[in-house]
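*Asks:* below are the sequence and a predicted model; questions follow.
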Amino acid sequence: MRTDDHLDVVGDRVAIGIQLIGVSRLSTHPVPLLPGCLITVAGQGPKDSNGAGKSSFIAALTLLHGDEQWRLASGARESADLLFSAEIAAQEREYASADHGYVIGVFASRDAVDPGPSALTVWLRISRETPHLLVRWTDGLHVPMGASEASREREADALWAALPPRAGRRDYNARDLSRVLFGEHIRCVSFLSTSVRPSATANLLAQPLNELKPDRIFSAVAALTGLDHEIADEQRHRNTEHAELEKAADAERKLVEWEEQAHHIESAIARRERARDLAGSAQERWRSRAAVLVSRAADELEAIEDDLERIAADDGAHRERLSAIAEELHVLGDDVALRDRLRRAEEAFAAVDGDHQALRDRRRALTGSLERLGREADELEATARDADGRSESVASDEHAAAVEKRTAAIGARAIASSGLAAASGALATAEAGDDVAAEQLAALRRAGISAAALVDAVTVAETERGTWEPLVWPYREAVVVEAGDLAAATATLAGLPGSILVSAGGAVAGEFDLSAFLAGLRAEATVLTGPAAVTSGGVTVVGGFGAPITGRAARISRAADAVASATAQLDTADAELAEAERRLAVAERRVVAARAAVTAASRRNKIRAHRRELDEVADREDALASRLTAARHEYDLARLAETGRQQQAEALLGNRRRVEDGREELRVERDRLETRRRIIDLDALLKEWGNTVEAAQNHLADLPDDEQLFDSDDWWRAAESVLAEILALCFRAGDPVPAQVTALGEERAAPGRGQADRQKQTFGALLAAVRDHLTLKAHEDAHQRARLADERVEKRRARDAASLGHEEAAKAAAAVRASLARAITARLNAVGAKFDDLDRAYGGYGAGLRFVEPEPPADPTKRWNWEVTPVWRRAEGNVMVAYDRRGNTAQMDEKAVKLVCAAALASGTGRPLLLVLDELGRNLGKQHRREAVALFERIGADSGITVVGALQDDMERYAIDACGEYVKLRRTSDAMAYNQAPVIHGFDTRAERVALLGEWLSGSYAAALPV
């Protein structure tokens, strides 16, 4: 049997029941599902609704209906997370984790009175090993019906084994689930916030609609309508286009890289051809250098002889001038008396000037100190005015008294604050009703027994207080229950000895009938004269209570009066503390002021002492001024006399040094010329030239006019530049270099003295070695040119093929994108039309969606995400207003519900649709929850959508009256590994149908299974 033989086996049937085996902690009891209404799933865990398995239940339901968010095409690996885990359940010592489990769904015709003839049972086997999901089915009812959880688990394996594989010898797996069971029809859309199968898609009902951005709203609508799969397909085509573009770019890059390499090879060949042309030019320039050296050497030897004769004449004139200068210095001599006078005058002036400078420094220091002390005294005296004439001891005593008063005020305020806290606590306890028989009432409420405190259940008129309050006083801690609940209440309070229970005749509208009890009290009582008092059974209770003791309002009023009194006392204590703080601040300021007055008097005494010393320093400075003037005059005269004699002697010595320097310069020039004459080796130069001096001069005369003035270095540099160009053309970085060329190049490049001479000596040998290398390379260069031409043709052909592949991929991606844009536009228009229909049908004025086709992202790793803006009319005849405008919260919640239903309806293909929602209405306000949940029920019933919503504790009271079916999963203790049997109810006309489905799912099944 081929795998294509089965397609859409469920057809138009709808799910009427589900049974889970080995899934999370869920019970194995079958759960009936009523199609075409709102099914709410609540929970009762050990503390609250958490831990009851709601998320696992609705996740299994979406898996049964082929929700693509399970990534079925990839094998639905996450489905194994649904299986029972002993570690997560904290049952490692008692139970083992389930290695496999089953999701069993029963489908039947929606409107059939008897589901048996049209029933189809679908089994999904979930495993932790690969394959993670297998699919089998059979006609009729085929579910485990054992009497216990363990027996149903064991029976499930046998029933699965009895089902034949439907794909020949193998089973259908996760990849086949949607196609085989539902064909091409979408049967489930979901919003899940569960850890079992987390989804990155925004939940339109888990947060306020106006907090979502337009792109997140589109993602949610796309997930509901199935567009996200088509968007993912477009992204895959964009990835293919990008990959082809990378291939084309890689081919182009390789061609460019090859062209660069070929260019380097061809450039090297061209450079070597250019080097061959330059070799002759370098040789000719080197020969012109040799001719210049011969001609210039002959001229230089002749000039050296003339210069040596001139130097001998100049040296004789210098010797005669030195003799005359020596005679003049002997006559001038050395005057010792002038130097002694200058020394004595300098010492006397330095002594007087030092004393004068010391007096000036002291005067500056005293002046600065007076300015600083004056400022400090002024500031201290200004501060001292705050003392109001008080001495430091008086101010300190007043400060100590103020501190004592503030300490007492702080203590008084703490006592008042404690009294207010106690009164407020008593008021809160009274308002909560926990001041009378709190433990008894809490225990009875937990047991589900209606009860009330006797003092709350009895209300006494003001005129009857004197009679009834003493009678009720002994029973002020009593609890009232109905007569039918008395036995159960007594058993419940067995652990609270001393509890008092009063039996009431019944309860009407929440009020207990205590007429019999009160009549009995009145019959036994005797009202005494004098002070208010009542005697009953020999016990007398004195009355006259200041405030009523019965009625909860009276107790709350007494507690409120106590809070008001405590508040007044705290206000008085706050005022007294503030006055004490103010007096303490004044006392502290006066203490500081009194201390400032003492310091200011000390500063004024220092000022008077400094002024007396300043006057003395000024007198001494005036007396020293005349002595300083006389000493400076004598020092100036002695210095002028000594300076004149020294200037004459220095002038003669300077003339002598200049003459001696002239003779030294002549000697150095003579030595240089003689050395140069010895260095010039005209014979060696003639040998290198290979001819006579006259032949060299004639060679130079035949040169062009612009080269006539070239010296040997010019010709050397010209030849070197050509040789350097030849070397640069022949050898680049990384090229192989002949050993002889390398050796000569290293010798020429060695740093140090004589480098230029080594370069000139090795020029000829290096040029010859390079010319030999160029001759050997000529044949190899011709072969390289031919090979490069062939490779260029092949590389360009590969580049063109890659470009063609990218062009075809781009056209395919553009076609898919255009088709997807039309599909998205059509689907969003359909959702907008359904949104408008639902809004008008259920109390609105019209709604729709606004969107614009965006440009696809350049990055192939990013989705092509659109932006959708829901809009609706706020009143009849008005314009459409965007969803993010500030408006009515209830209206915002209502539109979110309608938008979800519209997207679900638009995604359908004419088949029954299942909408699964986690945390239904969690973000809705209390006043809007009932209306929003009722809207789901109405839309589901009218449109044929089955809506399944999981509830938190705070939503249960609003959803239970508005849904068609109520399922409550229960697990009351953390010690329980598995849930108890679920509680299932149908409401209104559906109650009977739910009960019948539950009975039918728990019945017998055929022994012989159809193939």
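*Replies:* Arrived safely. Residues are numbered from 1 along each chain as shown.

*Asks:* quick check: end-to-end length of stretch 88-106?
*Replies:* With Cα to Cα, to the nearest Å as the measure, stretch 88-106 spans 29 Å from end to end.

*Asks:* report the mean confidence score over that stretch.
*Replies:* In this model, stretch 88-106 has a mean pLDDT of 81.

*Asks:* with stretch 502-513 instead?
*Replies:* Throughout stretch 502-513, pLDDT has a mean value of 74.

*Asks:* can you give me the end-to-end distance of it?
*Replies:* The first residue of stretch 502-513 is 11 Å away from its last residue (Cα to Cα).

*Asks:* quick one: the helices in the stretch 201-350 of the chain?
*Replies:* Ranges of helices within the stretch 201-350 of the chain are 214-225, 227-332, 336-384, based on DSSP state H, counting those that start in this stretch.

*Asks:* a markdown table for those helices, including mean pLDDT and distance to Ala15?
*Replies:* Just so you know, the C-beta spots here come from the backbone N, C-alpha and C atoms, and that holds for glycine as well. Shown next, in a markdown table, are those (pLDDT from 0 to 100; distance: least, Cβ to Cβ, whole Å):
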| stretch | mean pLDDT | distance to Ala15 |
| --- | --- | --- |
| helix 214-225 | 78 | 19 |
| helix 227-332 | 77 | 23 |
| helix 336-384 | 81 | 91 |
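
*Asks:* same list (those) but as JSON lines, adding distance to Glu688.
*Replies:* What follows is the helices of the stretch 201-350 of the chain, written out as JSON lines (distance: least, Cβ to Cβ, whole Å):
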{"stretch": "helix 214-225", "distance to Glu688": "88"}
{"stretch": "helix 227-332", "distance to Glu688": "5"}
{"stretch": "helix 336-384", "distance to Glu688": "69"}
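
*Asks:* for Glu68, find the nearest of those helices.
*Replies:* Distances from Glu68 to each of the helices of the stretch 201-350 of the chain were compared by Cβ to Cβ, and the smallest falls on helix 227-332, at 6.3 Å.

*Asks:* of the helices of the stretch 201-350 of the chain, which stretch is the most buried?
*Replies:* With neighbours defined by mean count of other Cβ atoms under 10 Å, none of the helices of the stretch 201-350 of the chain is more surrounded on average than helix 214-225, at a mean of 23.

*Asks:* rewinding a little: Ala802 is nearest to which of the helices of the stretch 201-350 of the chain?
*Replies:* Across these, the minimum distance to Ala802, taken as Cβ to Cβ, is reached by helix 227-332, at 3.7 Å.

*Asks:* now the angle from the closest one to helix 214-225?
*Replies:* 150 degrees (axes from the mean of the first three to the mean of the last three Cα atoms, to 10 degrees).

*Asks:* same for helix 227-332, what does it pack against?
*Replies:* Using 3 or more Cβ pairs under 8 Å, 6 or more residues apart in numbering; DSSP states H and E as the contact criterion, the secondary-structure elements in contact with helix 227-332 are helix 214-225, helix 552-679, helix 682-689, helix 693-701, helix 712-730, helix 763-841.

*Asks:* show me what the second one packs onto, helices and strands only.
*Replies:* In this case it means helix 552-679. Packing partners of helix 552-679 (3+ Cβ pairs under 8 Å, 6+ apart): helix 227-332, helix 336-384, helix 392-432, helix 454-457.

*Asks:* right, and the helices of the stretch 201-350 of the chain - which one's nearest Glu956?
*Replies:* Glu956 sits nearest to helix 214-225 of all the helices of the stretch 201-350 of the chain, at 25.2 Å, using Cβ to Cβ.

*Asks:* one step back: nearest to Val831, of the helices of the stretch 201-350 of the chain?
*Replies:* Going by Cβ to Cβ, the one of these nearest Val831 is helix 214-225, 6.0 Å.

*Asks:* identify all contacting residues around that closest one.
*Replies:* The set of residues that contact helix 214-225 without belonging to it, under Cβ atoms under 8 Å, 6 or more residues apart in numbering, is 69, 189, 191, 199, 201-204, 209, 212, 227-228, 231, 824, 827-828, 831, 849, 851, 865-870, 899-900, 903-904, 906-907.

*Asks:* again with stretch 611-627
*Replies:* Applying Cβ under 8 Å, 6+ apart, the external contacts of stretch 611-627 come out as Val352, Asp355, His356, Leu359, Arg360, Arg362, Arg363, Leu366, Thr367, Leu370.

*Asks:* chain center to that stretch: distance?
*Replies:* In terms of Cα atoms, centre = their mean, to the nearest Å, the centre of stretch 611-627 is set 78 Å apart from its chain centre.

*Asks:* now do the buried residues in it.
*Replies:* Judged by neighbour count (16 or more other Cβ atoms under 10 Å), stretch 611-627 contains these buried residues: Leu614, Val617, Glu621, Arg627.

*Asks:* give me the neighbour count for Cys963.
*Replies:* 30 (other Cβ atoms under 10 Å).

*Asks:* what's the answer for the one 10 residues further on, then?
*Replies:* The local packing of Ser973 (other Cβ under 10 Å) involves 8 other residues.

*Asks:* nearest to Val967, out of the helices of the stretch 201-350 of the chain?
*Replies:* helix 214-225 (23.2 Å).
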